[in-house]
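> next comes the sequence, and after it the predicted model I'd like to discuss.
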Amino acid sequence: MVKKKRKTPYVPGIAAMKFKPNHDWTMMEAKALFLDMNSNRNIPLDTIKYEDCIIGMRSLSERSVDLVVADPPFGIDFSDKESLYNRNSNLILDGYEEVSRIKYSDFTSLWIHELPRIMKNTASAYIFSGWTNLKEILEAIGQSGLFIINHIIWKYQFGVFTKRKFVTSHYHILFCVKNPKKYFFNKIEHYPEDVWIIPRRYRPGQSKNNTRLPDEVVSRCIHFSSRPGDVVFDPFLGNGTTAVCAIANFRHYFGFEINKNMKEIIEKSLSETDLGRDYIPYTELLPSLEELAEKYPAVKKRL
Ligand SMILES: C[S@@+](CC[C@H](N)C(=O)[O-])C[C@H]1O[C@@H](n2cnc3c(N)ncnc32)[C@H](O)[C@@H]1O
């Protein structure tokens, strides 16, 4: 086979310099899309149901969500009162619902099985898993009919100290879609890698259930896989991180949380979140020429 010759030679940094996101919206455009009630949405907007998601999902309309962010319970012998990372266990709320080891695979296939029906054809799902449950999660995804596009590693710092093994300091995020030919993906960075290095954030003195994801991790899923005004669904809301990140970025949310004790915390976080608080048009987030020049000699020459 004859190899096609590149018309212009590849110069590192030049492609990054020319890169533009596939889609971008100004603040005003993003807000208008959020407020547009004419668009076709067949799910109650910005609503949380404090009930079991497996039962709750069955009553949702088909093709009603644009994006799923799902961080299920671990299903290991994890105590909700465990004091991790020197946190004060009095500030950790009762009622984190766990699933016993034996039932974990059944539980996992039940909730993942509900996803394809409620996802639009263009929708994606980001499913979080620790390494201990990865096998069950992968099996359930395989049986559900969803397609895995990427297996993302979220690398954080401060895993629990160990004496006779390596410290776990990563999480798995399975980026899945309903239709590999139709899914929405907004490439907002020139070179988005499948390892995300994002520190966990601690908010000393605040009540929470101690599994809270950093906003940066959830927002990254939202930015790459939804448009302003879209509906982001979370079956396991926990502290409400997905709902907060959705509103902060001009997206709508819908979700479940079985632990009613979380209601007060979620409502407080939402009441403190202004619409569009974290939204910045994607073009404004790209590295400047000076930043690129520091990395690539070819860009330096063009300055
Ligand atoms: C890992 S935590 C989610 C944490 C969340 N991502 C955050 O940032 O706060 C899992 C949550 O799922 C809830 N949960 C467990 N089983 C559930 C079920 N069947 N339906 C809905 N929520 C459930 C737990 O109470 C817990 O709050």
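Received, thanks.

> three-state assignment of the residue nearest to residue 156 when sequence neighbours are not counted?
Excluding the flanking residues, the one nearest residue 156 by CB to CB, 6 or more residues apart in numbering is residue 200, at 4.8 Å. (C-beta placed from N, C-alpha, C; glycine too.) Three-state assignment for residue 200 (DSSP: H, G, I helix; E, B strand; the rest coil): coil.

> got the residues of the protein near the ligand?
For the chain, the residues in contact with the ligand (CB under 6 Å from any ligand atom) are 52-54, 71, 73, 96-97, 209, 211-213, 235-236, 238-239, 241, 256-259.

> before we move on, which element is residue 224 in?
Secondary structure from DSSP states H and E places residue 224 in helix 215-225.

> describe which strands the very next helix or strand once past that helix pairs with in its sheet and in which direction.
Using DSSP H and E, the next helix or strand after helix 215-225 towards the C-terminus is strand 231-234. The pairing partners recorded for strand 231-234 under DSSP bridges are strand 65-70 (parallel), strand 252-256 (parallel).

> same question for stretch 225-235, mean pLDDT?
On average, the pLDDT along stretch 225-235 is 98.

> what's the helix or strand harbouring residue 54 packed up against?
In this assignment (DSSP H and E), residue 54 forms part of helix 53-58. Under the contact definition 3 or more CB pairs under 8 Å, 6 or more residues apart in numbering; DSSP states H and E, helix 53-58 sits against helix 104-118, strand 252-256.

> would you mark the buried spots in it?
53, 54, 56, 57 (16 or more other CB atoms under 10 Å).

> contact partners of it?
Contact with helix 53-58 is made by 49, 107, 110, 111, 114, 115, 118, 235, 236, 256, 258, as judged by CB atoms under 8 Å, 6 or more residues apart in numbering.

> same question for stretch 174-188.
Residues from elsewhere that reach stretch 174-188 (CB under 8 Å, 6+ apart): 21-24, 66, 116, 119-127, 129, 137-138, 141, 145-152, 223-227, 282, 285.

> the closest residue to the ligand within the chain: what secondary structure?
As assessed by CB to the nearest ligand atom, the ligand sits closest to residue 238 within the chain, at 2.5 Å. Look at residue 238: counting by three-state DSSP, its state is coil.

> got the CA coordinates for stretch 247-257 in PDB?
Extracted in PDB, the C-alpha atoms of stretch 247-257 (Å, rounded to 0.1, in the frame of the first residue of the first chain):
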ATOM      1  CA  ILE A 247     -26.800  24.800  37.200                       C
ATOM      2  CA  ALA A 248     -23.400  26.500  37.400                       C
ATOM      3  CA  ASN A 249     -22.900  25.700  33.700                       C
ATOM      4  CA  PHE A 250     -26.400  26.500  32.300                       C
ATOM      5  CA  ARG A 251     -27.500  22.900  32.200                       C
ATOM      6  CA  HIS A 252     -30.700  21.400  33.700                       C
ATOM      7  CA  TYR A 253     -30.500  18.400  36.100                       C
ATOM      8  CA  PHE A 254     -32.700  15.600  37.200                       C
ATOM      9  CA  GLY A 255     -31.700  13.000  39.700                       C
ATOM     10  CA  PHE A 256     -32.400  10.500  42.500                       C
ATOM     11  CA  GLU A 257     -30.900  10.100  46.000                       C
END
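
> can I get the helices and strands packed on helix 53-58 in a markdown table with distance to residue 218?
Compiled in a markdown table, those are given as follows (distance: least, CB to CB, whole Å):
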| stretch | distance to residue 218 |
| --- | --- |
| helix 104-118 | 17 |
| strand 252-256 | 11 |
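
> out of the ones you listed, nearest to residue 10?
helix 104-118 (39.3 Å; CB to CB).

> follow-up on the earlier one: write the ChimeraX selection for whichever of the residues of the chain next to the ligand are buried.
The ChimeraX command for the buried members of the residues of the chain next to the ligand (criterion: 16+ other CB under 10 Å) is given here:
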select :53,54,71,73,96,209,211,212,213,235,236,238,239,241,256,257,258,259
